[in-house]
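# dropping a prediction and its sequence here:
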Amino acid sequence: MQLESISIWSLLRHGLHYVAIINIFLITGSYSSEIFANKVLSDTFVSIAKNTKAPVVNIHTTRVLKKNTPNRGFRIKSQGSGVIYNNGGYIITNKHVIKDAGEIVVSLYDGREFKAELVGTDARSDIAILKIDAEDLTPARFGNSDSLELGEIVLAIGSPLGLGQTITSGIISAKGTSNVRVTGIEDFVQTDATINPDSYGGPLVNLNGEVVGISTMPPKQTTGYFGISLAIPVNVVRKTTEDLIEHGRVTRGWLGVTAQPITVQLKEALGLKNNLGGLVSDVEPDSPAANAGIKSGDVIIKYNGEDIKNLLHLRSLVNRTVVNEEVEMTVIRGGKELTLNTTIQESKKAKTVGKRDLYKSLGMVVQNLTGKLAIKLGYEGEEGVIVTNIQKGGPASKAGLNKGDLIIEVQHKPVTSVDGFHQAILKLQQEEDILMFIKRQNRTSKFIILKQKKDV
């Protein structure tokens, strides 16, 4: 019986639940096989709950309503969940969980609380990285979202403030879910496990206790729960996290093709066996695709050995590729398969812009706070950058910035020079909102939200 039990646990750990349960029925004789099977699965859930208690955290924030809103000055509180990434104090959560936050506090399972620093955010994946100065942390264990199977049992875990750990269970109901208009990645893991708002930013784990996704907000619905809960695949999360920690922004791969899905009509016209892959309609000069020898009319069917399901799948794989990594692609050209190689470059959308263009997009100009200027404007002893010009009707004007304001912080980080301000904004160039802390000549201070103009 001992050897057989070990075999069952092994099956459960690898997600082969139905096979394990069948084995349970076969080996039990003197007592109810159904009770035994339920006990085994229940013990697995209990073990996961215990082992994930320490890595899952609660995140609660406060923000002050702007002056042009009802109840201005009132502090709004919100909360969500997060996951400890490593012993360095880095924590993963959703960008929307900490949006517009004036203060971010992380609560650990043992009752300790820490003010968190915002390391960086990525709007396209809805990921935010926080950092706390804490010892004796227990990082989560991370799995491989590419290996998830439809029907695999998963648990959604959260840490609502005051309620402790919450867990719901379900199965993987879809992979590569797209067209839900939640974030820009359009590559989600879908589960029927109910995920409450307080658990957004928390982990989706498999029966090995490994994080396979980070729960995120579902599509906007009028009322009720429709069995659609979404998680950002952990393979996307890990790359985003490493990029934000190392670079302060996310680098994404770029291939340099314009492609279209394979319709039934195109499949027949091109003599293809199926409608998988992406049909290349245009190749950008001097791009990785051009360097590989890809031509208009090629059908890309494999990328680094992985079969391409559709256009969104190809886009997701390219975006996740490490910049300067060599990749292998398989294309169909004239009815024959060709293997092509190239080196992936960084997405053009991630390239930086000059100060003049940046300030034009923000609708403002700033300069260093010199000693004479500080005395003249009443900012002796302060550090920051002075707003010297505001474009009427621009983003800065709409945010409530005035000429003569002193910008002290951007996204909770101090700025002491024009160069520092420039770099801080560049890290957020793909974001929609910029949180600034300012002081005014009348000695008042406030947080303001500046919305950037975004290219389509």
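The structure has been received and is ready for your questions. Residues are numbered from 1 along each chain as shown.

# list the buried residues in stretch 312-322.
Across stretch 312-322, burial judged by 16 or more other Cβ atoms under 10 Å covers 312-321. (Each C-beta comes from the backbone N, C-alpha and C, glycine too.)

# contacts for it, please.
176, 178, 185-187, 235-236, 239, 251-255, 259, 277-278, 300, 303-304, 306, 308, 327, 344, 347 (Cβ atoms under 8 Å, 6 or more residues apart in numbering).

# what subset of the residues you listed is buried?
178, 185-187, 235-236, 239, 251-255, 259, 277-278, 300, 303, 308, 327, 344, 347.

# quick one: mean pLDDT over stretch 374-381.
The average pLDDT within stretch 374-381 is 88.

# that stretch: end-to-end distance?
8 Å (Cα to Cα, to the nearest Å).

# can you give me how far it is from the chain middle?
A distance of 41 Å separates the centroid of the chain from that of stretch 374-381, by Cα atoms, centre = their mean, to the nearest Å.

# what does stretch 256-264 give?
So, by Cα atoms, centre = their mean, the centroid of stretch 256-264 is 26 Å from its chain's centroid.

# what do you get for stretch 265-279?
With Cα atoms, centre = their mean, you get 33 Å for stretch 265-279.

# now swap in stretch 252-271 and tell me
So, by Cα atoms, centre = their mean, the centroid of stretch 252-271 is 27 Å from its chain's centroid.

# pull that stretch out as PDB, backbone CA atoms only.
The C-alpha coordinates for stretch 252-271 follow below in PDB (Å, rounded to 0.1, in the frame of the first residue of the first chain):
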ATOM      1  CA  ARG A 252      10.000  43.400 -25.900                       C
ATOM      2  CA  GLY A 253      11.200  41.500 -28.900                       C
ATOM      3  CA  TRP A 254      10.500  42.800 -32.500                       C
ATOM      4  CA  LEU A 255      10.500  40.700 -35.700                       C
ATOM      5  CA  GLY A 256       9.500  43.400 -38.200                       C
ATOM      6  CA  VAL A 257       6.700  41.800 -40.200                       C
ATOM      7  CA  THR A 258       3.100  42.700 -40.900                       C
ATOM      8  CA  ALA A 259       1.100  39.500 -40.900                       C
ATOM      9  CA  GLN A 260      -2.500  38.300 -41.200                       C
ATOM     10  CA  PRO A 261      -4.400  35.300 -40.000                       C
ATOM     11  CA  ILE A 262      -4.900  32.300 -42.200                       C
ATOM     12  CA  THR A 263      -8.600  32.300 -43.200                       C
ATOM     13  CA  VAL A 264     -10.400  29.300 -44.900                       C
ATOM     14  CA  GLN A 265     -10.100  31.100 -48.200                       C
ATOM     15  CA  LEU A 266      -6.400  31.800 -47.800                       C
ATOM     16  CA  LYS A 267      -5.800  28.200 -46.700                       C
ATOM     17  CA  GLU A 268      -7.400  26.900 -49.900                       C
ATOM     18  CA  ALA A 269      -5.700  29.500 -52.200                       C
ATOM     19  CA  LEU A 270      -2.200  28.800 -50.700                       C
ATOM     20  CA  GLY A 271      -2.700  25.000 -50.600                       C
END
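
# beyond the helix or strand containing Ser42, next helix or strand please.
Ser42 is part of helix 33-51, with elements assigned from DSSP states H and E. The helix or strand immediately downstream of helix 33-51 is strand 56-64, counting by DSSP H and E.

# in stretch 196-206, what's buried?
Residues 196-206 are the ones in stretch 196-206 that count as buried (16+ other Cβ under 10 Å).

# er, stretch 405-419 actually
405-408, 410-412, 415, 418.

# stretch 379-398 too?
Neighbour counts using 16+ other Cβ under 10 Å place 379, 384-387, 390, 394-396 of stretch 379-398 among the buried residues.

# show me where pLDDT drops low in the stretch 101-250 of the chain?
Residues of the stretch 101-250 of the chain meeting the criterion pLDDT under 70: 162-163, 176-186, 219-227.

# same thing but at 80, please
Along the stretch 101-250 of the chain, segments meeting pLDDT under 80 span 161-164, 175-187, 218-228.

# quick one: the helices in it, in order.
234-247 (DSSP state H, counting those that start in this stretch).

# hey, where'd the strands end up in the stretch 251-400 of the chain?
253-254, 257-261, 278-283, 299-303, 306-307, 326-333, 336-343, 345-346, 364-368, 385-390 (DSSP state E, counting those that start in this stretch).

# on that earlier part again, quick one, the helix holding Ser42 and strand 56-64 angle?
50 degrees (axes from the mean of the first three to the mean of the last three Cα atoms, to 10 degrees).

# give me the buried positions along helix 33-51.
36-37, 40-41, 44, 48-49.

# and stretch 110-120, by the same measure?
Quick answer for stretch 110-120 (16+ other Cβ under 10 Å): 114, 116, 118-120.

# turn the residues you listed into a markdown table, including distance to Ala128.
Converted to a markdown table, the buried residues of stretch 110-120 look like this (distance: Cβ to Cβ, whole Å):
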| residue | distance to Ala128 |
| --- | --- |
| Phe114 | 16 |
| Ala116 | 10 |
| Leu118 | 7 |
| Val119 | 8 |
| Gly120 | 7 |
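
# if we can go back for a sec, between the strands of the stretch 251-400 of the chain, which one is nearest to Thr168?
strand 306-307 (30.8 Å; Cβ to Cβ).

# hmm, who's touching the closest one?
Residues contacting strand 306-307 (Cβ under 8 Å, 6+ apart): 276, 301, 317.

# what does stretch 411-419 give?
Taking Cβ under 8 Å, 6+ apart as the rule, stretch 411-419 contacts 104, 117-118, 121, 355, 366-368, 383-385, 407-409, 421, 424, 427-428, 434-435, 437.

# out of the strands of the stretch 251-400 of the chain, which is closest to Thr62?
strand 385-390 (25.6 Å).

# so what strands line up beside the closest one?
Partners of strand 385-390 in the sheet, by DSSP bridges, are strand 364-368 (antiparallel), strand 406-410 (antiparallel).

# the last one: what's the following helix or strand?
Put plainly, it is strand 406-410. strand 413-414.

# export only the CA atoms of the helix or strand just after that next one, formatted as CSV.
The helix or strand immediately downstream of strand 413-414 is helix 418-426, counting by DSSP H and E. The C-alpha coordinates for helix 418-426 follow below in CSV (Å, rounded to 0.1, in the frame of the first residue of the first chain):
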residue,chain,number,x,y,z
VAL,A,418,16.2,67.8,-15.0
ASP,A,419,18.2,64.7,-16.1
GLY,A,420,16.7,62.7,-13.2
PHE,A,421,13.2,63.9,-14.1
HIS,A,422,13.8,62.9,-17.8
GLN,A,423,15.0,59.4,-16.9
ALA,A,424,12.1,58.9,-14.5
ILE,A,425,9.6,59.8,-17.2
LEU,A,426,11.3,57.6,-19.8
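
# just give me the residue closest to the centre of the chain.
Ile127 (2.8 Å; Cα atoms, centre = their mean).

# the residue lying closest to it once chain neighbours are set aside - how many residues pack around it?
Leaving aside its chain neighbours, Ile127 sits nearest to Thr240 (4.7 Å; criterion: Cβ to Cβ, 6 or more residues apart in numbering). By the measure other Cβ atoms under 10 Å, the count of residues near Thr240 is 27.
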